[in-house]
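A.B. asks: I would like the atomic coordinates for the input below:
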Amino acid sequence: MVRSSVADQAVAGGHATREELQRVYEGWKRWAAAEDGWYSVTHGEIICRA
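C.D. replies: This is a model prediction of the structure:
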């Protein structure tokens with residue numbers, strides 16, 4: 001998140017500063033090291049017929 005094309009685009013677009021991205025990165029590292037930290041990605045699909 002700090003050294004990537006996504007980071008470059010976020011900064012260039014005015015969506016984040018390098019300092020903000022660094023804080024996010026540091027928070028992710030703390031969260032990953034936490035004993036009770038977990039991550040979930042929910043996927044779903046809606047199929048409609050008319």
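A.B. asks: alpha carbons only for contacts and neighbour counts from here, please
C.D. replies: Noted.
A.B. asks: centroid-wise, who is the farthest residue in the protein?
C.D. replies: For the chain, the largest distance from the centre (CA atoms, centre = their mean) belongs to Ala50, which lies 36.7 Å off.
A.B. asks: pull up the gap between that residue and Arg18, please.
C.D. replies: Note on Ala50: its distance to Arg18, by CA to CA, to the nearest Å, is 48 Å.
A.B. asks: ditto for Thr42
C.D. replies: Thr42 is 29 Å from Arg18, where distance means CA to CA.
A.B. asks: same thing with Ala7?
C.D. replies: According to CA to CA, Ala7 and Arg18 sit 8 Å apart.
A.B. asks: overlap in contacts, these two.
C.D. replies: With contacts defined as CA atoms under 8 Å, 6 or more residues apart in numbering, no residue is shared by Ala7 and Arg18.
A.B. asks: so for the two, which residue has more residues nearby?
C.D. replies: Neighbour count, other CA atoms under 10 Å: between Ala7 and Arg18, Ala7 has more, with 18 against 15.
A.B. asks: make sure the more buried one is actually in contact with Gln22.
C.D. replies: No. With contact defined as CA atoms under 8 Å, Ala7 does not count as touching Gln22 (10.0 Å).
A.B. asks: which neighbours do the two share?
C.D. replies: Met1.
A.B. asks: neighbouring contacts of the strand or helix carrying Ala7?
C.D. replies: Ala7 is part of helix 5-12 when elements are defined by DSSP states H and E. Outside helix 5-12, the residues that touch it by CA under 8 Å, 6+ apart are 1, 16-18, 21.
A.B. asks: try 7 Å this time
C.D. replies: Residues outside helix 5-12 that contact it (CA atoms under 7 Å, 6 or more residues apart in numbering): 1, 16-18.
A.B. asks: these in helices, which ones?
C.D. replies: Those of the contacts of helix 5-12 mapping onto helices are Arg18, per DSSP state H.
A.B. asks: cool, thanks, talk later.
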